[in-house]
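>>> only geometry, no sequence info:
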Ligand SMILES: Nc1ncnc2c1ncn2[C@@H]1O[C@H](COP(=O)(O)OP(=O)(O)OP(=O)(O)O)[C@@H](O)[C@H]1O
């Protein structure tokens, strides 16, 4: 469903991602873990085309995203091509990024109406279902300032799903939350994983969640995938010394 093929990203002399190759299957749930600055968030931002890549090709749903086929050759993609493919991807950020002047419902219907051209009644019906799914039916007319962090993040998840993505990206979505609110957001992600046929890619510091929820865990170190495998392998018996050190440090701190 998603393929990074020899993808590199540099900021000046700093190589943030170094010849990354990563293949994610349809419906697969993949967690990305690793130390601060190892390039985890950059992977998601490149997939959302919030960052341009320097080398390589990113494929989404069988098509190159960063490039287009022209006369059998890959050429850089046009903005229109990128927009069409990006519409298959939803992202939830660490800071909830809701529109502050819109209610929970307003946040969930804005893009379906303006971007997808959905009728207001249809967008509201879909948003009501999604707000119900994230347990916020009763708060649909509340503004972000009237919601807790956990509730805002659940609205952000409903808003992303309202665009009917095939792929969902979660970037440290619980990091800005008070500890007692983390569980409710993880619970919603579990539910989405069970009930929606979505490919999910998560950058997370919640090792317990990554272990229990993911099909695969990728450990990033200095812009490379240092080790990847089933959660039981990575958390139970990592092969790589760096993975071992990282997990020991995280578990000691936690
Ligand atoms: N716009 C930018 N300009 C210059 N350097 C950047 C930019 N964005 C990210 N970087 C650098 O790229 C590296 C990787 O950043 P990234 O945010 O992907 O790391 P991360 O693994 O997600 O870290 P964290 O867990 O702290 O969020 C870091 O060294 C960061 O300072």
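That came through, no problem. None of the values given here were measured: they were computed from a predicted structure. Residues are numbered from 1 along each chain as shown.

>>> Can you give me the neighbour number for residue 196?
With neighbours defined by other C-beta atoms under 10 Å, the count for residue 196 comes to 15. The C-beta positions use only the backbone N, C-alpha and C, and glycine is treated the same way.

>>> Surely it touches residue 158?
No. Judged on C-beta atoms under 8 Å, residue 196 makes no contact with residue 158 at a distance of 11.8 Å.

>>> Secondary structure class of the residue nearest the centre of the chain, three-state.
The structure's the chain has its C-alpha centroid closest to residue 169; by C-alpha atoms, centre = their mean the separation is 1.2 Å. On the three-state scheme (DSSP: H, G, I helix; E, B strand; the rest coil), residue 169 is labelled strand.

>>> OK, contacts around it?
44, 47, 48, 89, 90, 91, 92, 200, 201, 202 (C-beta atoms under 8 Å, 6 or more residues apart in numbering).

>>> redo that, cut-off 6 Å
Each residue near residue 169 by C-beta atoms under 6 Å, 6 or more residues apart in numbering is listed here: 44, 91, 201.

>>> Show me what the residue lying closest to the second one once chain neighbours are set aside bridges to in the sheet.
Which is residue 91. Once flanking residues are discounted, residue 91 sits nearest to residue 169: 4.3 Å by C-beta to C-beta, 6 or more residues apart in numbering. Applying DSSP bridges to residue 169 yields these beta-bridge partners: residue 91, residue 201.

>>> hang on, the earlier thing: residues shared between the contacts of residue 196 and residue 158?
In terms of C-beta under 6 Å, 6+ apart, residue 196 and residue 158 are not both contacted by any residue.

>>> got the residues of this protein near the ligand?
11, 14, 16, 34, 36, 37, 38, 39, 40, 41, 42 (C-beta under 6 Å from any ligand atom).

>>> In those residues, find the pair that's most separated.
Using C-beta to C-beta, the pair of the residues of the chain next to the ligand lying farthest apart is 11 and 34, separated by 17.9 Å.

>>> what about residue 108, how many neighbours?
Around residue 108 there are 30 other residues, counting by other C-beta under 10 Å.

>>> ditto for residue 94
Residues lying near residue 94 (other C-beta under 10 Å) number 16.

>>> What sits closest to it if chain neighbours are left out?
Nearest non-adjacent residue to residue 94, counting by C-beta to C-beta, 6+ apart: residue 172, 4.5 Å away.

>>> Would you map the helices across the stretch 51-200 of the chain?
79-86, 104-114, 120-133, 149-161, 179-195 (DSSP state H, counting those that start in this stretch).

>>> In CSV, list the ones you listed along with mean pLDDT.
What follows is these, written out as CSV (pLDDT from 0 to 100):
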stretch, mean pLDDT
helix 79-86, 90
helix 104-114, 97
helix 120-133, 96
helix 149-161, 96
helix 179-195, 91
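
>>> if I pick the residue located most distally from the centre of the chain, what's in contact with it?
Here the centre of the chain is the reference, and by C-alpha atoms, centre = their mean the most remote residue is residue 71, at 33.1 Å. Contacts for residue 71 (C-beta under 6 Å, 6+ apart) come out as none.
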